[in-house]
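Colleague: this is a predicted model, with the sequence first.
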Protein chains: 2
Amino acid sequence: MITVSVDNIREVAGLALHRASVPEEHASEQLDLLLEADLRGVPSHGLLRLSRIIRRIENGVTDPHARGEHRWRKEAFLAVDGQRGLGPVVANRAITSLIERAKVTGIAVAAIRNSNHIGMLGWYAERVAEHGLSIIALSTSEALVHPWGGRKAMIGTNPIAIGVPTGGAPFMMDTATSVVSMGEIHDHANRRQPIPPHWALDENGNPTTDAAAAKKGAIAPFGQAKGYALGLGFELLVTSLAGAAIGRDVTGTLDDTTVCNKGDLFIVIDGPQRDLQAYLEALRALEPADGFPAVVIPGERGRACRDQRLKEGVPLAEEVWQQIQVLAGLGAAE
Amino acid sequence: MITVSVDNIREVAGLALHRASVPEEHASEQLDLLLEADLRGVPSHGLLRLSRIIRRIENGVTDPHARGEHRWRKEAFLAVDGQRGLGPVVANRAITSLIERAKVTGIAVAAIRNSNHIGMLGWYAERVAEHGLSIIALSTSEALVHPWGGRKAMIGTNPIAIGVPTGGAPFMMDTATSVVSMGEIHDHANRRQPIPPHWALDENGNPTTDAAAAKKGAIAPFGQAKGYALGLGFELLVTSLAGAAIGRDVTGTLDDTTVCNKGDLFIVIDGPQRDLQAYLEALRALEPADGFPAVVIPGERGRACRDQRLKEGVPLAEEVWQQIQVLAGLGAAE
């Protein structure tokens, strides 16, 4: 790993996106999203993904100019055709419209199809909560997760993020409904380390601790039958409302060559706000269980990590940084 | 256990509610809810609860006549003061208003405070989906769940239900964010059986397999840190939007004497509908993993159980049935 300053990353990665014909405003949004993930210690959703994003543009399956076509089906229901745009570019515009509309109607929903990977959901949730509104954000992905009791991947990793204003820093939680991300399994495979039991099945649907075998198999839902029910509920809700592909028909979230046909759903609520600080403080002040240094509020560890890395720089895998430099035309691969 | 026909239960339990001054229409709604839980094999949310519901009316903390006061804060945001009414009576009227409004606006939300226990959330979700709309239903409860890494209960069991129309029978999932219900722990304590490890902490915050000790302690969130983040997110979202009590300030979900101050949140969406039958059929047809007879779609096992019990009768604990008969003035306790 090497440590690179935020300014340096912004400049070089911005150059790479510029060379890929991404308009400056869109490049900045895409970079913000990736950088925030690395800043918060979620490298699987960070700059690691830049080269794929650029290859998808080069291959014509992502349109860097598109912003998504908005159609209000009903007063508080926004249907978005992402027009193959960059995930955060399409998502940001949908959320801006939702915030404006929810202030009038109290709640509004955007159902998005035909957009690309929107990255760390919590990033959107946090910004909506900073505006004083609450949000439930859902997204689907290629089928990587097996139903509880089944042998084959049939469900996306289907994350949920929730954002709530608190009177202080916004509350934000963000979790996939799989027990672990496919990125984590790839990471174990790259380091030739075994994965823990109960994480995944191999391609024949048998439990495995071999990360390479798990890559071809299926990840377990988190929390067994309950997480399965939740992930499946999100799959049906999102794909049905967004008109997106479902289950094994979903493509384009993991490759460079196919159009991305998953769905995203944002529900933004402009309701009464409330000071939740005392309750959150009581949680933090709880005596921790054996083996835990403290009770942690979701989102806060990432935010502390972000504060530190903004000052001290962002650790990146050397090959990731090298790749970005090459994409920027800086020829570091020589 | 004894088996009682649905008609017989309806008649006797209806008499008990009539004696407690519950108007006939409200009695029928409350009974439907309880009966549906027993029919679907969820006795913890079934007729077991009738005696408490009646004692709460006698003690003046539940008003059997109230239906909830509706105020549209904004066009698609319904604030409901439950006026201490029966949970399903208040919830049903809120949902009826939401369905009507969502057909106009595309999405509508009801935030409910000052209402009683609304029972099995999935029941509401299923009926909304039968109307061709989707729903996310959330509810809070007294603090029974410890934060991940903490020693003390600070969060409700905070269930979620999702309903989605499918073109056939509606999809419905319904799960608490605790690893198990407090009812299940009481059931183990009554039968003097140990509980599995990792279910609960004792009153000092130490792991226990003693069900009696767990009753005084805290239940674990399901799925460890992920389930904790989810349950906490629901706690903040619901209580903040509903103006309900939070954490250890919540009362009246487990006793006979205190006003119930938890919150409920229903989000109803009138979006595009879609035939999801082929996907659900592919899930059912998957080869099951070792030790599983089949891949099960959430909600379907309960529905099959319901079909059977409608014909063959409902198994009830003898003391539950005896209690209902006494409450009906039939004097079976002699």
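Modeller: Done, it's in. Numbers count the residues shown, from 1 in each chain, chains lettered A, B, ... in the order given.

Colleague: spit out the contact partners of A:M120.
Modeller: A:M120 makes contact with A:L33, A:E36, A:A37, A:R40, A:V42, A:H45, A:D174 under the criterion CB atoms under 8 Å, 6 or more residues apart in numbering or on different chains. Just so you know, the C-beta spots here come from the backbone N, C-alpha and C atoms, and that holds for glycine as well.

Colleague: change it to 7 Å
Modeller: A:L33, A:E36, A:A37, A:V42, A:H45, A:D174 (CB atoms under 7 Å, 6 or more residues apart in numbering or on different chains).

Colleague: mind putting those into a markdown table with secondary structure?
Modeller: Below are those laid out as a markdown table (DSSP: H, G, I helix; E, B strand; the rest coil):
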| residue | secondary structure |
| --- | --- |
| A:L33 | helix |
| A:E36 | helix |
| A:A37 | helix |
| A:V42 | coil |
| A:H45 | helix |
| A:D174 | strand |
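
Colleague: which one of these sits closest to chain B?
Modeller: Comparing the contacts of A:M120 against chain B with CB to the nearest CB places A:D174 closest, at 7.9 Å.

Colleague: and that closest one, what pLDDT?
Modeller: Note on A:D174: pLDDT of 96.

Colleague: next, count neighbours for A:E312.
Modeller: 11 (other CB atoms under 10 Å in any protein chain shown).

Colleague: who in the stretch 101-250 of chain A is up against chain B?
Modeller: Residues of the stretch 101-250 of chain A found near chain B (CB under 7 Å from any CB of the partner chain) are A:104-109, A:111, A:134, A:147, A:149-152, A:154, A:162, A:164, A:171, A:173, A:175, A:205, A:222-223, A:226-227, A:229-230, A:232-233, A:236-237, A:240-241, A:243, A:246-247.

Colleague: what's the ChimeraX line that selects buried ones from these?
Modeller: Buried members of these can be picked out in ChimeraX with the line below, counting by 16 or more other CB atoms under 10 Å in any protein chain shown:
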select /A:105,106,107,108,109,111,134,147,149,150,151,152,154,162,164,171,173,175,205,222,223,226,227,229,230,232,233,236,237,240,241,243,246,247
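
Colleague: ok, back up a step: would CSV of the contacts of A:M120 with distance to A:L98 and neighbour count be doable?
Modeller: Formatted as CSV, the contacts of A:M120 follow (distance: CB to CB, whole Å; neighbours: other CB atoms under 10 Å in any protein chain shown):
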residue, distance to A:L98, neighbour count
A:L33, 18, 24
A:E36, 20, 20
A:A37, 22, 22
A:V42, 24, 19
A:H45, 22, 24
A:D174, 18, 25
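
Colleague: what comes up buried for the helix or strand harbouring A:N92?
Modeller: Secondary-structure assignment from DSSP states H and E places A:N92 in helix A:87-105. Neighbour-count burial for helix A:87-105 flags A:87-95, A:97-99, A:101-102, A:105 (criterion: 16+ other CB under 10 Å).

Colleague: same thing with stretch A:287-295?
Modeller: Applying 16+ other CB under 10 Å to stretch A:287-295 flags A:A289, A:V295 as buried.

Colleague: cool, stretch A:300-319 as well?
Modeller: Using 16+ other CB under 10 Å as the test for burial, stretch A:300-319 gives A:G302, A:R303, A:C305, A:R306, A:R309, A:G313, A:V314, A:L316, A:A317.

Colleague: what helices or strands is the helix or strand just after the helix holding A:N92 leaning on?
Modeller: Going down the chain from helix A:87-105, the next helix or strand is strand A:107-113, by DSSP H and E. With contacts taken as 3 or more CB pairs under 7 Å, 6 or more residues apart in numbering or on different chains; DSSP states H and E, strand A:107-113 sits against strand A:77-81, helix A:87-105, helix A:224-242, strand A:263-269, strand B:107-113.

Colleague: mind putting those in TSV, mean pLDDT and distance to A:N190 included?
Modeller: TSV is the format used below for those (pLDDT from 0 to 100; distance: least, CB to CB, whole Å):
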stretch	mean pLDDT	distance to A:N190
strand A:77-81	98	35
helix A:87-105	98	25
helix A:224-242	98	26
strand A:263-269	98	29
strand B:107-113	98	43
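
Colleague: so which of the ones you listed is nearest A:W199?
Modeller: helix A:224-242 (12.6 Å; CB to CB).

Colleague: what angle do helix B:224-242 and that closest one make with each other?
Modeller: Computed with axes from the mean of the first three to the mean of the last three CA atoms, to 10 degrees, the direction of helix A:224-242 lies at 50 degrees from that of helix B:224-242.

Colleague: how about helix A:224-242 as PDB, C-alpha atoms only?
Modeller: Below are the C-alpha coordinates for helix A:224-242, written out as PDB (Å, rounded to 0.1, in the frame of the first residue of the first chain):
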ATOM      1  CA  GLN A 224     -29.500 -16.700   7.600                       C
ATOM      2  CA  ALA A 225     -33.200 -17.000   6.800                       C
ATOM      3  CA  LYS A 226     -33.900 -13.400   8.000                       C
ATOM      4  CA  GLY A 227     -31.300 -11.800   5.700                       C
ATOM      5  CA  TYR A 228     -32.500 -14.000   2.800                       C
ATOM      6  CA  ALA A 229     -36.100 -12.700   3.300                       C
ATOM      7  CA  LEU A 230     -34.900  -9.200   3.400                       C
ATOM      8  CA  GLY A 231     -32.600  -9.400   0.400                       C
ATOM      9  CA  LEU A 232     -35.300 -11.100  -1.600                       C
ATOM     10  CA  GLY A 233     -37.900  -8.500  -0.500                       C
ATOM     11  CA  PHE A 234     -35.500  -5.800  -1.800                       C
ATOM     12  CA  GLU A 235     -34.900  -7.600  -5.000                       C
ATOM     13  CA  LEU A 236     -38.700  -7.800  -5.700                       C
ATOM     14  CA  LEU A 237     -39.500  -4.300  -4.600                       C
ATOM     15  CA  VAL A 238     -36.700  -2.600  -6.500                       C
ATOM     16  CA  THR A 239     -36.900  -4.500  -9.700                       C
ATOM     17  CA  SER A 240     -40.600  -4.400  -9.800                       C
ATOM     18  CA  LEU A 241     -40.900  -0.600  -9.200                       C
ATOM     19  CA  ALA A 242     -37.900   0.300 -11.400                       C
END
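
Colleague: so what touches that helix?
Modeller: Taking CB under 7 Å, 6+ apart as the rule, helix A:224-242 contacts A:111-113, A:138-140, A:145, A:147-148, A:155-156, A:158, A:160, A:177, A:221, A:244-246, A:263-265, B:134, B:162, B:164, B:171, B:173, B:175, B:222-223, B:269, B:271-274, B:276, B:298.
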